[in-house]
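J.: Let's see this in three dimensions:
(one chain, ligands or ions: 1)
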Amino acid sequence: MIDIIDANNGNQRSFKGENMAIREVRKQGDPVLKKKAKAIEKFNDPLLDQLAEDLFETMYQAPGVGLAAPQIGVSKRILVADCGEEYGGPYVLINPKIVHQEGTQIGIEGCLSFPNLYGDVERAYKVIVKAQNLKGKWFKVEAEKLLSRCFQHEIDHLDGVLFVEKAKNLRELTPDEYRKEREGRESQLAVI
Ligand code: NI
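T.: Residues are numbered from 1 along each chain as shown. The predicted structure is shown next:
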């Protein structure tokens with residue numbers, strides 16, 4: 001069990017996990033971030049379970065609300081997300097595909113691979129994502145607002161697409177400036 005700070009609302013939460021390890025988050029310029037990640041074909045695999053746990057621990061420690069495997073140097077199609085209790089989850093999505101999207105939203109995004117860099121990114125307001133779980137079972141998850149943004153940002157990571165390629169008004173913010181910007185608009189501001 002580890003205590004984590006919810007990156008969305010600042011509340012403390014607990015996450016149950018064993019043998020987790022914090023991995024190094026790959027940063028801007030690392031070639032793994034620009035590679036298209038490979039589909040996962042082996043399920044019910046302790047190594048896959050471990051990868052998901054490491055992604056969670058690394059994401060919570062950062063903290064961020066989502067993390068994709070290429071960001072810890074593993075070019076495979078798996079992501080984790082936890083945007084807070086109001087969005088359900090935490091989620092593990094393997095081989096995810098967006099099967100439906102509607103509407104648009106513009107919000108400020110950051111990325112754990114681009115520390116202190118933020119920009120305005122237009123995303124679909126709502127998505128339905130089809131994905132496999134750790135046992136290989138396909139499921140669908142419907143997401144709106146922040147969770148929808150998070151899934152889109154992370155699925156982009158799996159395709160080697162980075163938010164800076166889609167963002168307008170990219171700017172550096174200090175942690176204090178970031179906290180000020182997020183006041184009153186936290187559902188539209190996320191480090192993913
Ligand atoms: Ni990111």
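
J.: I'd assumed V121 was in contact with G107.
T.: Yes - contact criterion CB atoms under 8 Å: G107 and V121 qualify, at 6.7 Å. To be clear about C-beta, it is placed using only N, CA and C from the backbone, and glycine gets the same treatment.

J.: if you count what's nearby, which of those two comes out ahead?
T.: V121 (25 against 17; other CB atoms under 10 Å).

J.: can you tell me which residues contact the more buried one?
T.: Neighbour list for V121: I106, G107, I108, E109, R149, H153, F163, K166, A167, K168 [criterion: CB atoms under 8 Å, 6 or more residues apart in numbering].

J.: ok now do the residue nearest to the spatial centre of the chain, which residues does it touch?
T.: Most central in the chain under CA atoms, centre = their mean is G66, positioned 2.0 Å from the mean C-alpha point. For G66, the contacting residues are M59, L79, V80, A81, D82, C83, C150, F151, H153, E154, A190, I192, by CB under 8 Å, 6+ apart.

J.: Strands along the chain, start to end?
T.: 2-5, 12-15, 66-68, 78-81, 91-102, 105-111, 114-123, 126-132, 138-144, 168-172, 189-191 (DSSP state E).

J.: The residue in the chain that the ion sits nearest to: neighbour count?
T.: Nearest residue of the chain to the ion, counting by CB to the ion: C111, 3.2 Å away. By other CB under 10 Å, the residues close to C111 number 30.

J.: For the nearest residue to it once chain neighbours are set aside, which residues are in contact?
T.: Nearest residue to C111, sequence neighbours excluded (CB to CB, 6 or more residues apart in numbering): F163, at 5.1 Å. Residues near F163 by CB under 8 Å, 6+ apart: E109, G110, C111, F114, G119, V121, H153, D156, I192.

J.: can you pull the pLDDT of F163?
T.: Per-residue confidence (pLDDT) for F163: 97.

J.: okay, who's weakest in the contacts of F163 by pLDDT?
T.: Among those, I192 has the weakest pLDDT, 70.

J.: quick one: contacts for it?
T.: I192 neighbours (CB under 8 Å, 6+ apart): G64, V65, G66, E109, G110, C111, L112, R149, C150, H153, E154, F163.
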